[in-house]
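>>> 3D, please:
(2 chains)
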Amino acid sequence: MSILLRYIAYDILRNRMIIAYTLFLLLMSATMFSIESNPGKGLLNLLNIVLIVVPLVSIIFSTIHYYNSYEFIELLLAQPIPRKRLAFGQFLGVGIALSLAFLIGVGIPVLLTGFSAAALSLVLTGVFLTLIFVALAMLAAVRTRDKARGIGVALLLWFYFALLYNGIVLFLLFAFSEYPLERAVIAFVSFNPIDLGRILVMLHTDASALMGFTGAVMQQFFGSGAGVAYAIGIMLLWFVLPLWGSVRSFSRKDF
Amino acid sequence: MIQTQNLSKHFGKLCALNNVSVSLQKGKGVSLIGPNGSGKTTFIKCLLGMVIPDAGRICFNDQPILPDSWDYRKQIGYMPQIGRYPDNMRVRQVFDLMTDLRKDSHCGPLDEELIEEFGLKNSFDKPMRTLSGGTRQKVSACLAFLFDPAVLVLDEPTAGLDPLAAEALKAKVLCEQQKGKLVLMTSHILNDLEELTTDVMYLVEGDLLFFESVENILERTEETRFAKAIAKIMAQQGKIPPTPQRKTIAL
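Reported below is the predicted structural model:
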C-alpha cells in the first residue's frame, strides 16, 4: 500500500489544480488575518470559507481524479495486489495530498498567527472534512459508472451538506419552535459533518456567547472533554463509514 | 494452464459471456476473435479478476480463481486496450512503480528487451501526459513483458503502433511463445495475428462458437491464408464448415 500511496500522492501533489488550491487557501488566510486586527475574528471569517471550499474541492477533485485514473486502476488491478490494497492506496493518495494542501494553505498561517484552541480545532476540522469528503467522493464514484453522473452525484452531496441540510434544520426548528429542541439540535448537528465542524470551532471562540440558549446548551455539551471526544468520534464515523462502503464496493465491482 | 468451465457473465440484460468452456495450454498463441461487443474483453477481464463472473469457474494451474485471489496474477503480464497513466508521472516512475509493486513476486532479471527495441529509454524522463498514443502503447507493451510472466494477455496489442514497433512486438510475442509461454490476444487486424496464432477462440454475443487450431480452420474453409479463412467464417456468421469429405477417386 505504501508503494502505491507514494506514487499516487506524488502525482497529485504536482497536479495544477492542487497547487492552485493551496495558493488560494494561502491567499485567503493571509487576507483574513491582515484585514482583521483581532485574530479571533479573522479565524471566524476563515472558518466560513473553509467550510464551503474544503468540502467542495475535496469531493470534486477526488471524483474527477478517480474517473481520470480509471484505465490506470484497471492496469493496477491486473497486477498481483489485492483489490483492497489498491482501494486504500487510491483513497489515501488523494486524501493525504489534499490534507497536505490544506495544512500548508490554512494550517501553517493559522497556527503562526496565534496558537489557540480555536485555531487548533479549525485545522483539525479542515483535515477531517477533507478526508470525509474524499471518502464520500470515492463512494459516489465507485458506485457510479458514468463520469458525468458521478460528478453530478458528488456536487449534489456537497450541495446537500453545505446548504440544503441547514435549510431543513432551520425549517424544523421554526416549525417546532414551541418545543424544547436544544438536545435535538445536537443530534441534528451530528448528521452533518460540516455543521459539526462549525460548532466545534465556534464554541472555542468568543462568538459562542452570541448563540443564545441553544449555544449555551451546546457549550455545556461540546465544551466538556466528553463533548469534544463525542464530536471527534462522530467525525471519525463520518470518515470510516463511507470509506468502508467504498472499499467494499470497489472489491466487488466489475471494471 | 488456464481452464474455464461454463463461464457466464451478464451486464444487465446484455449477455457478455455465455457458458464458455475452454482449456488454454502452454506454448500456444490463442487469438480471441469476434465482432465488436462479442465478449472478448470481458473474457480477458474475467481471467484477470477485473470482472467477477456470474457463474462458472476459472482455474489457473489447477487452482480456482476466486473473486479475492490475486496471487496467480504474479504469472500474468497484461497489456490493456487503452493505456492511460497518471499525467504527472514520468515514464521512469511508471516502470519504477510496477517494479516496486511486483518486487516481492518477481526475482531474477527484468526483461528489458522490448524497451531497447522500442528505444523507449530516450523518453524515460518525459511526463506521461506529453507522450503520444503510440508511445503510451509501447509503455504498456513493455510493462506486460517486463516481469517475464508465464502468461501474456494482450488486448489489441498492435493498435496505434507504427509498423516498425508492431513488427518488433510481434517478433517478441513469437519468441516468448516459443519459450513455452501462453499468449492470449485479441485484435481486429487479422494479418497481425496470422503468424502468432496457433488456436482461435471465436466468440459471438458471448457464445463460444468454436475453439479450433489454425490447421483445422484452414482445412475446413479450404483456404491457405488465415485472414481469408477467418473472413470467410465471419461472413457466414461464424458457421465453420464441416471438414470436407475426401473424395477417393476410383480408378
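>>> Quick one: classify the residue lying closest to B:Asn6 once chain neighbours are set aside as helix, strand or coil.
Ranked by CB to CB, 6 or more residues apart in numbering or on different chains and with sequence neighbours excluded, the top spatial neighbour of B:Asn6 is B:Gly56, at 3.9 Å. Every residue, glycine included, has its C-beta placed from N, CA and C. At B:Gly56, secondary structure determined by DSSP: H, G, I helix; E, B strand; the rest coil is strand.
>>> Now do the contacts for B:Gly56.
With contacts defined as CB atoms under 8 Å, 6 or more residues apart in numbering or on different chains, B:Gly56 is in contact with B:Thr4, B:Gln5, B:Asn6, B:Leu7, B:Ser8, B:Asn19, B:Val20, B:Ser21.
>>> Report the separation between it and B:Pro64.
Between B:Gly56 and B:Pro64 the distance is 11 Å, computed by CB to CB, to the nearest Å.
>>> can you check A:Tyr67 too?
A:Tyr67 sits 33 Å away from B:Pro64, going by CB to CB.
>>> Show me what B:Pro64 bridges to in the sheet.
B:Cys59 (DSSP bridges).
>>> okay, now it: neighbour count?
For B:Pro64, the neighbour count with other CB atoms under 10 Å in any protein chain shown is 12.
>>> where does the chain have low pLDDT?
Using chain A. The model of chain A has pLDDT under 70 over residues A:1, A:207-215.
>>> Hmm, no, I was thinking of chain B.
Applying pLDDT under 70 to the predicted model, the residue ranges of chain B that meet it are B:237-251.
>>> At the geometric centre of it, which residue do we find?
Central residue check for chain B by CA atoms, centre = their mean: the C-alpha nearest the mean position is that of B:Met185, 2.1 Å away.
>>> List the residues that contact the residue nearest to it when sequence neighbours are not counted.
Once flanking residues are discounted, B:Met185 sits nearest to B:Leu154: 4.1 Å by CB to CB, 6+ apart. For B:Leu154, the contacting residues are B:Tyr78, B:Met79, B:Ala141, B:Ala144, B:Val173, B:Val183, B:Leu184, B:Met185, B:Thr186, taking CB under 8 Å, 6+ apart as the criterion.
>>> repeat that with 10 Å
Listed by CB atoms under 10 Å, 6 or more residues apart in numbering or on different chains, the contact set of B:Leu154 reads B:31-32, B:44, B:77-81, B:140-141, B:144-145, B:169, B:173, B:183-187, B:196.
>>> How about B:Gly133?
The neighbourhood of B:Gly133, defined by CB under 10 Å, 6+ apart, consists of B:Ile82, B:Gly83, B:Arg84, B:Ala159, B:Gly160, B:Leu161.
>>> Kindly recompute the last result at 8 Å.
Taking CB under 8 Å, 6+ apart, one finds B:Gly160 in contact with B:Gly133.
>>> now swap in A:Ile96 and tell me
If you count contacts by CB under 8 Å, 6+ apart, A:Ile96 has them with A:Leu5, A:Ala9.
>>> Same question for B:Ile52.
If you count contacts by CB under 8 Å, 6+ apart, then B:Ile52 has A:Arg252, A:Asp254, B:Cys46, B:Pro67 around it.
>>> Try it again at 6 Å.
B:Pro67 (CB atoms under 6 Å, 6 or more residues apart in numbering or on different chains).
>>> tell me the phi and psi of it?
Dihedral angles of B:Ile52 (phi, psi; degrees, to the nearest 10) stand at phi -100, psi 120.
>>> Write out the residues of chain A neighbouring chain B.
Contact residues of chain A with respect to chain B, defined by CB under 6 Å from any CB of the partner chain, are listed as A:3, A:7, A:11, A:14, A:71-72, A:75, A:77-80, A:82, A:254-255.
>>> centroid residue for chain A?
Among the residues of chain A, the one closest to the centroid is A:Leu129, at 1.5 Å (CA atoms, centre = their mean).
>>> Contacts only, for it.
With contacts defined as CB under 6 Å, 6+ apart, A:Leu129 is in contact with A:Val54, A:Pro55, A:Gly197.
>>> Make sure I have this right: the last one is in a strand.
No: the secondary structure assignment for A:Gly197 gives helix rather than a strand, going by three-state DSSP.
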